[in-house]
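Chemist: The following block contains a protein sequence and its predicted model.
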Amino acid sequence: MPTQRIALGEWLPDQPGLTGALTVAKNCFPVTAGYGAFPAEANFSAAAAEDLTSIISAKDQSGTTKLFAAGLKKIYAVDSVGALTGVFSYTGTYAQSGTTTLTVTSIAHKLKTGDSVYLDFTSGSAADGQFTVTKLTVDTFTVITTSATTSGNVTISSTSTGYNTSSTNRFRFTLFGNQIIGTNFAERLQVYSADGSSSFKNLSDSAPIAKFITVVRDFVVCAHLDESGTTRPYRVRWSAINDETNWVENVNTQSDYQDIPDGGHITGIRGGEFGIILLEKSISRMSYAGTPFIFQFDNISRGKGCIAAGSVCQYQGLTFFLSDDGFYVCDGQKVTPIGAEKIDRFFFNDANLDLTTMSAAADPIRKLIMWNYLSTDGTRKLIVYNFTIGKWSLMETTADYISDASTASVTLEQLDSVNASIDALAVSMDSALYAGGKYFLGGTDGTRVITFTGANKSAVLETGDIDAGRSIVMLARPLVDNGSASVSVASRTLLTQSLSFGSASAADTDNRVSLRSSGKYHRLRMQPTGDNWKTAMGLDVDVVQQGIR
C-alpha cells in the first residue's frame, strides 16, 4: 500500500488547489516547517466605562513600566493585574476674586487663552461646567464664573466626559525620552511624563492638533493637522530640536512644517533615523538636512500609497502597510509587494470595505506582522505574515484592536484587589506578564485590555487537491510535534464538483486515522489536538489505486 507524505506548505488562497498549496491555514502561525500553535485571547484588565481603542506602554528612568489604554473619551492607567485608573484629568485649587473672576492654580496646566476647560468642583458646587480661559500665567489660569465658593479643590479636564475623539479616529501615541505623547485629532497633543505625571495634559500652548504622530531623530513629528479649524491633511509639522513643547516656526529652533502637494491625504507616518510619510497615492521619505531647510522630502513611490491608517506597522526599520491592491513593505528606499498572488485577492474579498477599524502589530518573538480587520461576515480576523520566511496564515479573533506593549510590575496586594481567589485570575500566575516590563502581544476587546496568553486556538489546516488518479484514501498519520490531530477527507472525480468533507476522525493510540474515500482529487483537513501541541508539519497518507471499468 503506497504511502504519500504531504507536507504542510504555504497557504496561498489566491492560487487553485491543484498547485499543491494549502487552501486553509486557520488559527495558527506559519513557521519554516509547517504551522505553529497560537494562544487564544484572555481578558487582562477590568472593564472600562467605554470601549477601548488603543494601548501604549513606557518605561521611566527607574525601570518601572507603565501601561495605558485609551478610549474615545478617556485614557486609563492599567496596572499588571488589570486595574484601571482614569488619567485624563488633573487637579488644582481655585480661589474666587469678586463675583466673576476665578483663578485656578495647577501644575504646568499647558493651557492658553481661549481654551475650553471643564471644572469639577470638589464641593459639588452647581458651578461645575465648561469655561473659557481668559488669562493665564505659567502656573495659573483665570475663567469667568458667577457662582462658586470662595476657594477649594477642582478637577480639570477637557470636557465633563473627557476627550472628544471621533468614532473614526483613535488615540495614537509615541515615546520621546520619558514622555508619552498622544494625539486624537480633536485636542492638542497630550503628554504624560513617565517619571512623575499623574495624568495626561496638554503638551504646550503651541502644540498642534494632529491625526498622526512619531519621532524622527530628535524631533516629534505630526501629520494630517487641524490648524485653527482648517484641516491640513497633506501637512507635516515638527517640533523644535530636542524640545517637544516648542512648535513655533523658527529657523534657530528648527521647528517648521512641510506641505506635500501630491499624493492625497496623509494616512500614516513612521519615524526613526528618517521618517516615512504614507499618503493615499504616494510615499515620501523625510531626511534630516539641518538648517536652513531642516528636513528634505523625497518621493520614493509615486502612484502607490496607503489606503488604511490602521494598517501601518513598523518593525526594525521596515514599514508594512495596505495599499489599494494589496500588502507592501517599505525600507525607506523602495516599496516591495508581500501579498501579491498569495493572499491579496483573498483579503479584499473577505474584508469589509470599511477599513477604519483596522489595526496592526508586530510580534517579534514569533517574527510576525499581524493585521486585525473586520470581515464581510461581521467577525474580526487576523491576517498574519511571517516576515522572515514570507508565509501567511489567518486567525479568528475577538480582539477589536491589536498592539504590542509591556506590562507594569505587580505586588501581592494588587492581586488581592483584583480577585480574592488567585485561581480566578484571568491570566495564570505563571505568566511572565506579572513580572512587569515584559513584552506582550495584546490589544482590546470591547471595554477590556486583552492578551494572547490563553489556551491554543483550534487550528484548521487543509491541503490542496492531491491528484492520485482514480484512488481511495485509506489511512492518515498526522505529523504534529507534541500532539496529534483529527483528520477528515473530501474526494471528487471532477474539479467542477463541490467539496464535501466527511466526519473528522481522531487518531488512535498508534497515531493512525482510518479513512475511506474514493475519487481522483483528494483534500485532507487536519485539526491538531493536544493541549500542548507545538508544530503541525504534515500527514503520511496511504492511497490505493482504484480500477476503472
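Modeler: It's in.

Chemist: what mean pLDDT does stretch 327-343 have?
Modeler: Looking at stretch 327-343 alone, the average pLDDT works out to 97.

Chemist: same thing with stretch 40-59?
Modeler: Averaged across stretch 40-59, pLDDT comes to 91.

Chemist: What residues sit buried inside it?
Modeler: Along stretch 40-59, these residues count as buried under the neighbour rule (16 or more other C-beta atoms under 10 Å): 40-46, 48, 50-59. Every C-beta, even on glycine, is put in place using the N, C-alpha and C of the backbone.

Chemist: Among those residues, which lie within strands?
Modeler: Among the buried residues of stretch 40-59, the residues falling in strands (DSSP state E) are 42-43, 52-59.

Chemist: Out of the residues you listed, which is nearest to V544?
Modeler: Distances from those to V544 were compared by C-beta to C-beta; the smallest belongs to A42, at 45.7 Å.

Chemist: Which strand residues bridge that closest one?
Modeler: T451 (DSSP bridges).

Chemist: what does Y94 give?
Modeler: In this structure, Y94 bridges to V104, G152 when assessed by DSSP bridges.

Chemist: mind checking how far the helix or strand hosting T267 is from the chain centre?
Modeler: Counting by DSSP states H and E, the element that carries T267 is strand 266-270. On the basis of C-alpha atoms, centre = their mean, to the nearest Å, strand 266-270 sits 15 Å off its chain's mean C-alpha point.

Chemist: after that strand comes which helix or strand?
Modeler: Assignment by DSSP H and E places the next element after strand 266-270 at strand 275-279.

Chemist: Work out the sheet partners of that following strand and label each with its direction, please.
Modeler: Within its sheet, and counting by DSSP bridges, strand 275-279 is paired with strand 266-270 (antiparallel), strand 282-290 (antiparallel).

Chemist: Using JSON lines, please lay out these together with distance to Q190 and mean neighbour count.
Modeler: Compiled in JSON lines, those are given as follows (distance: least, C-beta to C-beta, whole Å; neighbours: other C-beta atoms under 10 Å):
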{"stretch": "strand 266-270", "distance to Q190": "18", "mean neighbour count": "27"}
{"stretch": "strand 282-290", "distance to Q190": "23", "mean neighbour count": "19"}
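
Chemist: could the ones you listed go into TSV alongside mean pLDDT and distance to T444?
Modeler: Formatted as TSV, those follow (pLDDT from 0 to 100; distance: least, C-beta to C-beta, whole Å):
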stretch	mean pLDDT	distance to T444
strand 266-270	97	20
strand 282-290	96	29
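
Chemist: Nearest to V449 among the ones you listed would be which one?
Modeler: strand 266-270 (23.4 Å).

Chemist: Contacts for the closest one next, please.
Modeler: If you take C-beta atoms under 8 Å, 6 or more residues apart in numbering as the criterion, strand 266-270 is touched by 211-214, 221-224, 233-236, 260, 275-280, 305-309, 311-312, 314, 319, 321.

Chemist: picking that back up, could you let me know which of the ones in strands among the buried residues of stretch 40-59 ends up closest to K66?
Modeler: Sorting these by how near they are to K66, with C-beta to C-beta, puts A58 at the top with 5.7 Å.

Chemist: and that closest one, bridged to which residues?
Modeler: When assigned by DSSP bridges, A58 has beta-bridge partners K66.

Chemist: And I144, by the same measure?
Modeler: As for beta bridges, I144 partners with T101 under DSSP bridges.

Chemist: need the contact list for it.
Modeler: I144 makes contact with 100-102, 131-132, 134, according to C-beta under 8 Å, 6+ apart.

Chemist: try 7 Å this time
Modeler: Shown in contact with I144 (C-beta atoms under 7 Å, 6 or more residues apart in numbering): 100-101, 134.

Chemist: any chance you could map the strands in the stretch 201-350 of the chain?
Modeler: For the stretch 201-350 of the chain, the strands identified by DSSP state E, counting those that start in this stretch occupy 201-202, 209-216, 219-227, 230-238, 256-259, 266-270, 275-279, 282-290, 294-302, 313-315, 318-323, 326-330, 335-337, in order along the chain.

Chemist: Show me the one of these that comes nearest G182.
Modeler: The minimum distance between G182 and these falls on strand 209-216, with 7.5 Å, by C-beta to C-beta.

Chemist: Residues contacting the closest one, please?
Modeler: 169, 172, 174, 176, 181, 183, 185-188, 220-226, 266, 268-272, 274-275, 286.

Chemist: repeat for stretch 243-262
Modeler: Residues outside stretch 243-262 that contact it (C-beta under 7 Å, 6+ apart): 176, 179, 181, 203-204, 206-208, 220, 234-241, 277, 279, 282, 284, 291-292, 294-295, 297.

Chemist: ends of that stretch, how far apart?
Modeler: End-to-end distance of stretch 243-262: 30 Å, with C-alpha to C-alpha, to the nearest Å as the criterion.

Chemist: In CSV, list the C-alpha atoms belonging to the strand holding T267.
Modeler: Written as CSV, here are the backbone C-alpha positions of strand 266-270 (Å, rounded to 0.1, in the frame of the first residue of the first chain):
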residue,chain,number,x,y,z
ILE,A,266,-1.5,61.6,4.7
THR,A,267,-2.7,58.2,6.1
GLY,A,268,0.2,57.4,8.4
ILE,A,269,3.8,58.3,9.5
ARG,A,270,6.6,56.3,11.0
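
Chemist: and the angle from it to strand 209-216?
Modeler: Interaxial angle of strand 266-270 relative to strand 209-216 (axes from the mean of the first three to the mean of the last three C-alpha atoms, to 10 degrees): 30 degrees.

Chemist: Can you tell me which of the contacts of stretch 243-262 are buried?
Modeler: Those of those that meet the buried threshold are 176, 179, 181, 203-204, 206-208, 220, 234-241, 277, 279, 282, 284, 294-295, 297, by 16+ other C-beta under 10 Å.

Chemist: any low-confidence regions in this structure?
Modeler: Low-confidence segments of the chain, defined by pLDDT under 70: 1, 60-61, 107-110, 123-126, 159, 161, 195-197, 406-438, 547-549.

Chemist: okay, now the domains of it?
Modeler: The record, using automatic domain parsing to delimit domains, assigns the chain the ranges 3-38+457-545, 90-157, 204-355+358-399.

Chemist: And the shortest one, how far out from the chain middle?
Modeler: Here the centre of mass of C-alpha atoms in domain 90-157, compared against the chain's by C-alpha atoms, centre = their mean, lies 37 Å away.

Chemist: gap between the two ends of it?
Modeler: 7 Å.

Chemist: before we move on, back to that, in CSV: the ones in strands among the buried residues of stretch 40-59, plus distance to T165.
Modeler: Output for these, formatted as CSV (distance: C-beta to C-beta, whole Å):
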residue, distance to T165
A42, 27
N43, 23
L52, 12
T53, 8
S54, 10
I55, 15
I56, 15
S57, 20
A58, 20
K59, 26
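
Chemist: now, which of those sits nearest T397?
Modeler: Closest approach between those and T397, by C-beta to C-beta: A42, at 12.2 Å.

Chemist: hang on, isn't the closest one packed against T451?
Modeler: Yes: with contact taken as C-beta atoms under 7 Å, A42 and T451 are classed as touching, separated by 5.6 Å.

Chemist: so what's the nearest residue to S503 once chain neighbours are set aside up against?
Modeler: Closest residue in space to S503, ignoring its immediate chain neighbours: S488 at 6.3 Å, by C-beta to C-beta, 6 or more residues apart in numbering. For S488, the contacting residues are 501-505, 525, by C-beta under 7 Å, 6+ apart.

Chemist: Can you flag which of these belong to strands?
Modeler: The members of the contacts of S488 that map onto strands under DSSP E are 505, 525.

Chemist: Now, of the contacts of S488, which are buried?
Modeler: Buried positions within the contacts of S488, assessed by neighbour count (16+ other C-beta under 10 Å), are R525.

Chemist: Turn the contacts of S488 into a markdown table, columns for distance to S393.
Modeler: Rendered in a markdown table, the data for the contacts of S488 read as follows (distance: C-beta to C-beta, whole Å):
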| residue | distance to S393 |
| --- | --- |
| F501 | 20 |
| G502 | 25 |
| S503 | 25 |
| A504 | 20 |
| S505 | 24 |
| R525 | 15 |
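
Chemist: so L475 is in which element?
Modeler: In the assignment (DSSP H and E), L475 maps to strand 466-481.
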